[in-house]
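Visitor: Predicted model and sequence follow; I will ask about them next.
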Amino acid sequence: MNREFNQILADAGIQPILVDIGASGAPPAICAPIARHAIYVGFDPDRRELHDVQAGQYARSIIVNEAVTSIPDQNEVHFYLTRSPFCSSTLPPDTESLANYLFSDLFIVEKEGDVPASSLAAVLERLGLPRVDWFKTDSQGADLRLFQSLPDDLRNQVLAVDIEPGLIDAYRGEDLFVDAHREMTRQGFWLSNLGIGRAVRMRRSTLAELGSEAVHLVKQFQRPSPAWCEARYLRTLEWLGEHRMQVQRYILLWVFAVLDELYGFALDVALEYNRVFGKNDVFSFLWEAPLRQVQRRTSKTAWA
């Protein structure tokens with residue numbers, strides 16, 4: 001699909017803006033096919049697993065070594081550096097709750113202190129970026145409040161959201177999935193994908209009472225329990241219609257749907273584009289490209 005993405009984004013003059021809060025590790029792989037057209041902005045005050053973006057991978061890439069705050073005009077926040085860089089947060093770990101899980105040692109705070117911070121809106125203004133198209137955050141407990149902190153005019157432009165809210169109380173006062181899902185659907189998104197992260201429900205103090213052989217057996221055979229989730233949301237077509245979104249927003253939502261391998265939804269977008277803007281070459285492209293992709297996959301399966 002890379003050729004199709006290149007064609008439709010270039011023809012429509014669209015440069016997607018991708019924001020990645022909690023950018024430990026690499027940029028999201030799902031966006032690789034459109035990277036050459038996109039602007040990538042990554043945030044993380046914990047540099048231990050923060051990697052520079054490969055030169056030329058994106059049309060423009062910016063790494064901001066700051067925390068993102070949901071409070072306007074706040075220029076620093078208290079940050080907790082945990083044993084695992086992937087667990088560091090502006091929220092303190094809930095040690096009492098975490099003590100029930102074997103992975104609790106990942107949340108041990110090794111250092112804490114104030115770090116530079118900005119609101120996302122302030123950074124976008126500083127960088128001269130007019131909107132966010134794909135909002136990804138793994139802020140360890142503050143995902144919903146960070147999305148909510150965007151002013152209405154910026155938040156209304158967002159077409160895709162990736163969040164990792166908790167299913168257990170890993171941080172004090174964190175945004176849990178039940179709260180995030182209710183609010184995201186209220187704001188015109190639908191849940192397109194949900195992955196479940198798991199952890200072994202067992203106290204490390206109990207593990208310490210076992211012999212080495214028993215420890216191995218427990219770790220091998222106990223089923224891990226749900227602890228957090230990786231949720232992806234896309235805008236609904238109803239929301240786009242109600243807000244009278246322009247041609248480019250329909251095209252970009254179509255691109256995101258195809259990236260997410262939601263070919264049926266991409267065809268929904270194509271038909272809605274036809275209803276709103278009329279049948280033209282763009283509609284033909286939006287309609288035919290997902291069908292070609294499905295046909296290619298069907299052919300590969302038939303020959304497997």
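Guide: Looks like it came in fine.
Visitor: Does His63 lie in a helix or a strand, and which?
Guide: No, residue 63 isn't His; it's Ile. Ile63 is part of strand 60-64 when elements are defined by DSSP states H and E.
Visitor: In CSV, could you pull the C-alpha coordinates for that strand?
Guide: Provided in CSV are the C-alpha atoms of strand 60-64 (Å, rounded to 0.1, in the frame of the first residue of the first chain):
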residue,chain,number,x,y,z
ARG,A,60,10.2,16.2,9.8
SER,A,61,10.9,14.7,13.3
ILE,A,62,11.2,16.5,16.6
ILE,A,63,12.2,14.9,19.9
VAL,A,64,11.2,17.0,22.9
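Visitor: Parallel or antiparallel, list what pairs with that strand.
Guide: Under the criterion DSSP bridges, strand 60-64 sits next to strand 39-43 (parallel) in its sheet.
Visitor: where does the strand it pairs with sit relative to the chain's centre, distance-wise?
Guide: Between the centre of strand 39-43 and the centre of its chain there are 12 Å (C-alpha atoms, centre = their mean, to the nearest Å).
Visitor: Ok, stretch 267-276 next?
Guide: In terms of C-alpha atoms, centre = their mean, the centre of stretch 267-276 is set 26 Å apart from its chain centre.
Visitor: neighbours of the nearest residue to Leu106 once chain neighbours are set aside, just the number please.
Guide: Leaving aside its sequence neighbours, Leu106 sits nearest to Ser84 (C-beta to C-beta, 6 or more residues apart in numbering; 4.0 Å). Every residue, glycine included, has its C-beta placed from N, CA and C. For Ser84, the count of nearby residues is 17 (other C-beta atoms under 10 Å).
Visitor: Now the phi/psi pair for Ser84, please.
Guide: phi -90, psi 130 (degrees, to the nearest 10).
Visitor: That one against Val109, yeah?
Guide: No. Using C-beta atoms under 8 Å, Ser84 is not in contact with Val109, being 11.0 Å away.
Visitor: Against which helices or strands is the lengthiest helix in the chain packed?
Guide: Scanning the chain for the longest helix, with DSSP state H as the assignment, gives helix 281-303. When contacts are defined as 3 or more C-beta pairs under 8 Å, 6 or more residues apart in numbering; DSSP states H and E, helix 281-303 sits against helix 2-12, helix 247-259, helix 263-277.
Visitor: redo that, cut-off 6 Å
Guide: helix 263-277 (3 or more C-beta pairs under 6 Å, 6 or more residues apart in numbering; DSSP states H and E).
Visitor: related to what we said a few turns ago, in the longest helix of the chain, what counts as buried?
Guide: Neighbour-count burial for helix 281-303 flags Val282, Phe283, Phe285, Leu286, Trp287, Ala289, Pro290, Gln293 (criterion: 16 or more other C-beta atoms under 10 Å).
Visitor: Tell me the one among the residues you listed nearest to Arg232.
Guide: Pro290 (18.1 Å; C-beta to C-beta).
Visitor: could you point out where the protein is predicted with low confidence?
Guide: For the chain, residues meeting the criterion pLDDT under 70 lie at 1, 23-25, 45-56, 299-304.
Visitor: Could you pull out the helices in it for me?
Guide: 2-12, 95-98, 120-127, 143-148, 152-155, 177-186, 204-207, 212-221, 237-242, 247-259, 263-277, 281-303.
Visitor: Let's have those in a markdown table, adding distance to Glu66.
Guide: Converted to a markdown table, the helices of the chain look like this (distance: least, C-beta to C-beta, whole Å):
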| stretch | distance to Glu66 |
| --- | --- |
| helix 2-12 | 29 |
| helix 95-98 | 27 |
| helix 120-127 | 8 |
| helix 143-148 | 13 |
| helix 152-155 | 18 |
| helix 177-186 | 23 |
| helix 204-207 | 34 |
| helix 212-221 | 38 |
| helix 237-242 | 31 |
| helix 247-259 | 27 |
| helix 263-277 | 35 |
| helix 281-303 | 38 |
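Visitor: For Ile71, which of those helices is the nearest?
Guide: Closest among the helices of the chain, once you apply C-beta to C-beta, is helix 143-148, at 9.3 Å.
Visitor: Pull the closest one out as CSV, backbone CA atoms only.
Guide: What follows is helix 143-148 as a C-alpha-only set of coordinates in CSV (Å, rounded to 0.1, in the frame of the first residue of the first chain):
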residue,chain,number,x,y,z
ASP,A,143,-3.4,9.6,29.1
LEU,A,144,-7.0,10.9,29.3
ARG,A,145,-6.2,14.1,31.0
LEU,A,146,-3.5,14.9,28.5
PHE,A,147,-5.9,14.4,25.6
GLN,A,148,-8.5,16.4,27.4
